[in-house]
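Peer 1: Sequence first, predicted model second:
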Amino acid sequence: MIEDRELDAWREQWNSVARPSSDFPRKVQQKIKHHHRRFVFGNIFSVIAFIGILIFAVYMRHQGTWMGPGWAIGICVLVLVAAGCRVWALRQTWRPETQSTRGFVELWYKRVEARIRLLRISTYLSMGWLIFCAALMAVNWSIIGQDFRAHPKSWLALLVVCVLMQPVLLLYGVGWLRRRKLAELNEVKQILDEMND
C-alpha cells in the first residue's frame, strides 16, 4: 500500500488549525475572573459615589441660600433615578444561571449588553440633568444674583458653555466607552462561538 505523506501532513495542519489551543479554557477563566473583579469593584465604587453624592446633598440642604434645598432635592432625585436605572439595566446579571464556564461567559455577555444599555440611558439622564439645572437657575435667578452679585449675562455664558460641552462629552466620552464595550461584546461572542465548536 502506498502512503500519501502529503495528505497526512495536510490533515495534521488542518487539525492543528481547527483544534482550539490547550490554553483556551485557562485563558477564558482568567478573563472571566478579571471581568468579575471589575464588575464587583464597579458596583462598590457606584455605591460609594451614590452615598457621597447624598452626603453632598445633605450639606447643600443646610446652606443659607434658597438654592440649598433646590439643589439638594435635585441631587437626591438624580441619585435615586440613576441608581434605579443602574439596577434596572443590570437586572439578571448578578450571578450565572449555571456554575460552568459557559454560564459565566454568558453572564459576561449579558453584563456587557447591560453596560451598553446603561450608557444610552446615562446620555439621556445627563441631558435631563442639564435641563433641570437651567430651569432651577432661571427660577431662582433673583436669589442667585443677590448671592453672587453677578449679572445674568455672565451666568448665561456659563450655561451656554455647559450646553456646548454636553455634545463633546457625549460624542467623545460616551462614544469611546461604547466602542470599548462593543469590542468587548465581540470578544465575548467569539469566545461563545469557540465554546460551541
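Peer 2: Right, received. Where do you want to start?
Peer 1: What about Phe50, how many residues nearby?
Peer 2: Residue neighbour count, defined by other Cβ atoms under 10 Å, stands at 15 for Phe50. No exception for glycine: its C-beta is placed from N, CA and C like everyone else's.
Peer 1: tell me which element it falls in.
Peer 2: helix 24-61 (DSSP states H and E).
Peer 1: Show me what that helix is packed against.
Peer 2: The elements that helix 24-61 packs onto, with contact taken as 3 or more Cβ pairs under 8 Å, 6 or more residues apart in numbering; DSSP states H and E, are helix 67-89, helix 101-139, helix 175-196.
Peer 1: Can you give me the distance of the spatially most central residue of the chain to Thr123?
Peer 2: For the chain, the residue sitting closest to the mean C-alpha position, by Cα atoms, centre = their mean, is Arg115 at 4.7 Å. Applying Cβ to Cβ, to the nearest Å, one obtains 13 Å for the distance of Arg115 from Thr123.
Peer 1: now this structure, which segments are flagged as low pLDDT?
Peer 2: Screening the chain residue by residue with the criterion pLDDT under 70, one finds the ranges 1-4, 6-24, 63-68, 70, 140-141, 143-156, 158-159, 162-163, 197.
Peer 1: OK, contacts around the nearest residue to Arg117 once chain neighbours are set aside?
Peer 2: The shortest distance from Arg117 to any residue other than its chain neighbours is 4.8 Å, reached at Ala89 (Cβ to Cβ, 6 or more residues apart in numbering). For Ala89, the contacting residues are Ala114, Arg115, Arg117, Leu118, Ile121, by Cβ atoms under 8 Å, 6 or more residues apart in numbering.
Peer 1: cool, and Leu118?
Peer 2: Under the criterion of Cβ under 8 Å, 6+ apart, the neighbours of Leu118 are Cys85, Arg86, Ala89, Leu90.
Peer 1: same thing but 10 Å
Peer 2: Contact analysis of Leu118 by Cβ atoms under 10 Å, 6 or more residues apart in numbering lists Ala82, Cys85, Arg86, Trp88, Ala89, Leu90, Leu125, Leu177, Lys181.
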